Every structure is written in C-alpha cells, then in structure tokens.
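*Asks:* Following is a predicted model, sequence given first.
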Amino acid sequence: SKRVKSTSTRPDRYTPLPDSVIERSANMSGVSNSLDSKQQKYGGFTTPFPGTMSVLSSGFTTPGGSRSTIDLQQMGDARNSMLGVKLDQVSDSVSGQTVVDPKGYLTDLNSMVPNSGADIEDVKKARLLLKSVTSSNPKHGPGWIAAARLEEVTGAMQNARAMILHGTEFCPKIEDVWMECIRLMQPEQRKAVAANGLRHLPNSVKLWVKAMELEDEKAAKRRVLKKALDQIPNSVRLWKSLVELHDPEDARQLLGRATECCPTSTELWLALARLETYDNARKVLNKARENIPTDRQIWVTAAQLEEANDNLAMVQKIIERAVTSLANNMVEINREHWIEDAERCEKANSIGTAQAIIRTIIGSNVEEEDRKHTWMEDAESCIAHGAYDCARAVFAHALSVYPSKKSIWLRAAHFEKSHGSRESLETLLQKAVTYCPKVEVLWLMGAKSKWLAGDVPQARSILALAFQANPNSEDIWLAAVKLESENNEDERARRLLQKAREQAGTARVWMKSVKLEWVLGNITGAVQMVEKSIRLYPDAPKLWMMQAQLDLTVGNVEKARENYSLAVKKCYSSVPLWLQLSQLEEQCGNLTRARSVLERGLLRNPRNAELWLQAVRIEERSGNASVAKTNMAKALQDCANSGILWAHAIFMESRKQRKTKSVDALKACEHDPHVLLAVARMMWAERITSKARDWFGRTVKIDPDLGDAWAYYYKFELKHGTEEQQQAVLKKAVAAEPHHGEEWCKVSKNIGNWRKKTEEILRQLAVALADPV
C-alpha cells in the first residue's frame, strides 16, 4: 500500500526486462518484411496467430513452392512502380481530372496486336468503348479513325474499311477521315475515294496532293495539280509540286505565274531567280524585296548572285543595305541567325557573301566591354562548324579593332597554322610583328614557318629582325641556335651560344651549350662547361642531371652518385633528381638505398605521384608483388586523383579484375590522358579493337602533347589497322609535335637521337614498345 511504501526504508530494486520478452512483443505488434525458416518451409500456414498458441493444420501444412527469402518491402515497391508506370502511360493529371492523351491514343493502337486471351479481352473492351464514342458523337472524326485502326491491327481489314466508310458518311468535311479512308482502301478503289473526298472538300491541299500521288503517269499528275490550282491558286505546296514535274524552261514560266498568285512566298521568288538570267534575276529579286520587305534571305541571295557574276563590289553594299532596310521595317537583327546564314553561304562556296555578312553583322548588339570575348566565341563557333573563312573574317575584324592585342594575334596565328596555308600564316605573322614587335612567339612562329618551308636564309633574316626588336631575348637566341644546328651549321651554333652566354646568360642557355658540346662528341668540353654553369646556377636541377649523366657516360658511377646526392640537397623539390638517384642505386643493386632515396624524396615532396609510382615499380622489379600492392594502396590514398597511379594500378590487377579497376580509375580522374591510355591498352589486350581505337582517339584528343599515347596508337594501327588508318595517325602525330611522355622522352632525349624528327621518333618508339598483355 501507499502507507507501507512511504514508510519502507528499503531501496527500490529494478530488474531489467529480458530480451526475449522485448523480441516477442515486437513480433506481436510489428510488421515483418521477411519469413523465418519455419514459414519458408510451410508457406506460412502453420505459423501461430499472434496472441494464441493454436496452429491451423487442416490441409495447410503443405510446403510452399519457394524456399528463398522474400523481401515483402521490395515486392510492394515493385508493385507500386508498375502501377505508376501503367498510370503514366494512359493518363495525365490536369486539375485533378484524369484525361487520355489526345495526340497519342491513336498512334498507340498501332502496337496493339492481340496474342493472348487477355489481349482479346482488351480488344473487346476497346471496341465497345469506341462504338460508344462513334454512337454518342458520330460527327467526331478521330473516333471513326480510331475504330478503323483498331480493326486494322486486329487483322479485320473488311471491318476497318466498312468502319471508315461510315466515318466519311458522318464526317464528310473532315480531311483526316478521307486520308485514312484512302490509306485503308484497296489500290483500285483509292482514286474513287479521293475523287469523292474532293467533291466534299475541293479546297483541301492534302487531298489534292494525295490524288496526284495516286496517279502513275507524269501527265496525269500535272492534270490533277492544274485542277487543284484552279480551286486553290494561292497554295505554295501545289505550285512547288507542279514545278517539280516540269523541265527548267516550263518551270520558269510556271514560277512566274506562281509568284503572281503567291507574292509572299520567299521560296517561289528564290526558285524563279535561280532559273532566270543575271539581269532578269536581279529584277525578280527586286520585286521579291518589294513584296516581302522583312525577309533577309532575299537580300542574301541577291548578294550571292552578284558574287557569282564577279561583281564583288556590290556584295558588301547589298548586305549593308539589307541590315538597314530590315531595321527600318522593324525586323530584329539577330546575330546568331546572320552568322548561320554566313556559314551556309560558305558551304555554298559564296565566300565573299559569307565574309561580307560577318563584317557587317559582327559588331551588332554587342557591348563594348564584351566585344573581344564575344568575337572570340564567334570565331571558335565558326571553326567548330567548319566555316573557316567566316572565322578568318571574325579574326580580321577583331584585329582591325584591337591591333595591339597579343592574344588575338596568337589565336589567329594558331588558326592559320591549323586550317590555313603557309602563305596565309606568314602574311598574318608579318602584320602581327608590325603591331606587336615585343611578342617573341610571333617572330619565332614566322621563322619556323620559313625554316619548315626550306627557306633558311629568310628564317635567319626574321630572327635578325627579332633580335633588333627584342635584344638579349633567351628564346630568340635559342631559336637561332636550333636553326643553325638543325641545318648542320655547328660552328655558327657554337658562336651564337657563346654570344648568348655573354649577353643573355641564363641557366637554359648554359644547358643548351652543354648539350651541343655533348651531342657533337666533345665530352671533355661539355664536362668543363657544366661544372662552370653549376657554379653560376647551383639551383638549376637540369644542369645537375646533365653533370651526373656525363659522369655515367664516361663510366664514373661514384662521381655520378656524389653529384646526385649534392643535387638533391640543393634542389630538393626537383622530383626527376630523386627519381634518377633512385634508379642509379637500383641499377647498382642497392635496393635498400633506392627505397631510402624515395622515402627521403617523399618526405621532401609529400603526395608526389611520380615518387610513389617509382616505389611501386622497384618492388615489382625485385619480385615483391605483395609489397608493391601495399605501396600502391598507400599511394592511391595519398594521391587519390593521380592518373599515372591509376593507370599503373589497372595493369597490376588480373585480367578479370582490370575492368572493375578501370571503372574506379575513370571515376577518380575521368579526363586524365594516362587513365584513358590505360583503358585503350586494356581493350587492345582484350582484342576489342574497335573500342580500343575509340579510346586511343579520345586520349590523343584530350592531350595531343603526350607522345606515349601517339606511339601506342600508331603501334596499335600497325597491328590491327589499314594503311590509311596508319598514315592518318602518323600525320596527326607529326602535326601535334608531342614532347612529353615517359617512354617518349627516353627516345627523344637520347643523345643519339638529337636530330631525329617526330616521325622518326614515333616509328622507333612504336617498334620498341611491348604489346599490352
């Protein structure tokens, strides 16, 4: 009692509820989405009802047919999804009402082919529904059409014809009913049906055209169309059909009559102008402008006419008048539409008209601060559409407004290099250096163009002018040196480098000087020069690398190791130095030292993918596959978006697991060229040649400077491609002039290959590369 409880001095005791009680309570009141083993065995019919211990056993103990776990929640979701799909197919909720799609229910009947008893029942229901439609509203043409198509899809053609004939009786003024009736009738009856339909609808263009199509002879077709034009003289479609059935001379006379009956049809006026002589065509187009003052196509055609007759002076005037006249007639000057017209003119070989349109329209409706950006976008759009003359006109206009803009000149120069001729490029570069004499790259492009054309004296003169405009320019000095060395003028190259070291001494100039002596076989002079250059530029990693490589050339491994060790202390952020020191130790058999070098490199350069990749490869080459996989896992954690790591990881997997790994790689770095190249090689190894070719194409498109991709692509075509495909890849690679790639640099930077061109390097590397396995 309360009194006893209040006077009790003993503390309260709480006993926790057993889990079995809680579980039983949950089973009694909750909802289960799976069946236990007993329920699966007996199909649920021997399961005790909640709250009782009795079992229903009268005939329900037969084991069920399925013994697998059933997810009731998924079954419910699937049922709801199916219901939603079915509802979406047949209904559309509008303001709370469910309506049938008025455009789709006729065409949906085409897919109704009854194949089972259920389909037959559906057909019966549809037939009953459509009968109700035609009975309740017999003047409703779509109902008769639907009823006839239902009979057609069920194979009852006689019923379908009878049904549509009833429709023509009740709906004689509905054009679609007559067209459906003509379609369903037998061939010998169609002309009679069309004639009957035209008696009820003499102004139906569709019926007249259909009646013309039913005729077999050209004369009969003309006769039908002439009767049609007597009834509907202003139908452009009928006139066009009649003109197409005549020869040019008769067509010209018919078009003259057609333009009188349809003076607002631009198509008819333009067709007539094309068939007339030059003078008559000008008169026709003038009449067309009077009748249709708001159509730009007439003006564009007039400009094309003048260009075709070599009257180029009038082309620009006509386009300018067109813009003024259309603006006076309250027509919006839409730049996009006019540029599209210019692109069409270029495709029709009316280059003068296309460029006149660009010059006239390019500045319209563009804010002054947005002009440069907008014009560059217009040029890129024209290039993408293959309208190169339009793009050239855009660049010309932009340069006339901004003659001192370096970026526009460079874009125009790259455009001419890719899509123009050598003469057009050189002409553009001559103008460019006049306005931008301090832009070294423009001088260099001009000199290179002359050199590639074999005009070495002219290339020298261009570089001489560049020296005057840019004294002590490192790039121009080195370009002059390269010009001389490539043409076997080694002494002139040496003198130029000596002057460059005196007037524009930089680490790069010294490096080129050392390399020239090295490739010419003067190892002693190269060693002396590189030692001097390192004293001047101790923080130049490439000079340290060259010194160590010269030591290895003469067989002094200890001196090379010492130089590398000094170099990584001076230039600890240079990853190639750490890699080359590690490779040297590995080649000498000092794997422990090689690993130690990479660990120190990673401490100095954390999260560096190249060092991690070298750590993985060292273990692979030494036979420690498990350690290599461990290192790769650490590397991918450290550099999750590194393409070179993911590319190598793909080929570390077994053939069965590579596709899964490649999917992970593409998710991590979708547009990385190394990953794309790895996927292409994987497809090649699987002998899926068509897909491999596609992936190689994507790789070189994303990064055309990756020499490894071009080499693998060319080797692939040598194995699986045709002669045309091989030459196409070779030509693209030479045009791209790749400079990077691990395997590419091994060949291109080899001292013995210093004078080899891109094509020679590509062929040599393609032979050296191994097929993917």
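*Replies:* Structure received. Numbering: from 1, shown residues only.
*Asks:* For the stretch 651-773 of the chain, give me the ranges with low pLDDT.
*Replies:* Scanning the stretch 651-773 of the chain for pLDDT under 70 picks out nothing.
*Asks:* where along it do the helices fall?
*Replies:* 658-668, 673-685, 689-702, 707-720, 723-736, 742-748, 758-768 (DSSP state H, counting those that start in this stretch).
*Asks:* So for residue 225, which of these sits nearest?
*Replies:* Nearest of the helices of the stretch 651-773 of the chain to residue 225, taken as C-beta to C-beta: helix 723-736 at 49.2 Å. C-beta: built from backbone N, CA, C; applies to glycine.
*Asks:* How about residues contacting that closest one?
*Replies:* 700, 704-705, 710, 713-714, 717-718, 721, 757-759, 762 (C-beta atoms under 8 Å, 6 or more residues apart in numbering).
*Asks:* Just the buried ones from these?
*Replies:* Buried residues within the contacts of helix 723-736, counting neighbours by 16 or more other C-beta atoms under 10 Å: 700, 704, 710, 713, 714, 717, 721, 758, 762.
*Asks:* quick revisit: distance to residue 546 added to the helices of the stretch 651-773 of the chain, as CSV?
*Replies:* Output for the helices of the stretch 651-773 of the chain, formatted as CSV (distance: least, C-beta to C-beta, whole Å):
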stretch, distance to residue 546
helix 658-668, 35
helix 673-685, 27
helix 689-702, 31
helix 707-720, 21
helix 723-736, 27
helix 742-748, 14
helix 758-768, 20
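*Asks:* Determine which of those helices approaches residue 309 most closely.
*Replies:* helix 723-736 (38.8 Å).
*Asks:* For the residue nearest to residue 181 when sequence neighbours are not counted, give me the pLDDT.
*Replies:* In this structure, residue 181 finds its nearest non-sequential neighbour in residue 164, 4.6 Å apart by C-beta to C-beta, 6 or more residues apart in numbering. Here the pLDDT value assigned to residue 164 is 89.
*Asks:* I'd say residue 164 and residue 182 touch.
*Replies:* No - in this structure residue 164 lies outside contact range of residue 182 using C-beta atoms under 8 Å: 9.4 Å.
*Asks:* The two: which is more packed in?
*Replies:* Between residue 164 and residue 182, residue 164 has the larger neighbour count (other C-beta atoms under 10 Å), namely 25 against 22.
*Asks:* Kindly format the C-alpha coordinates of the strand or helix carrying that one as CSV.
*Replies:* Element membership for residue 164, per DSSP states H and E: helix 157-170. Below are the C-alpha coordinates for helix 157-170, written out as CSV (Å, rounded to 0.1, in the frame of the first residue of the first chain):
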residue,chain,number,x,y,z
MET,A,157,-9.5,-5.2,-92.8
GLN,A,158,-13.0,-5.6,-94.2
ASN,A,159,-14.4,-4.3,-90.9
ALA,A,160,-11.8,-1.5,-90.9
ARG,A,161,-12.8,-0.4,-94.4
ALA,A,162,-16.5,-0.5,-93.6
MET,A,163,-15.9,1.5,-90.4
ILE,A,164,-14.0,4.2,-92.1
LEU,A,165,-16.6,4.4,-94.9
HIS,A,166,-19.2,5.0,-92.3
GLY,A,167,-17.0,7.7,-91.0
THR,A,168,-16.9,9.5,-94.3
GLU,A,169,-20.7,9.5,-94.4
PHE,A,170,-21.0,11.1,-91.0
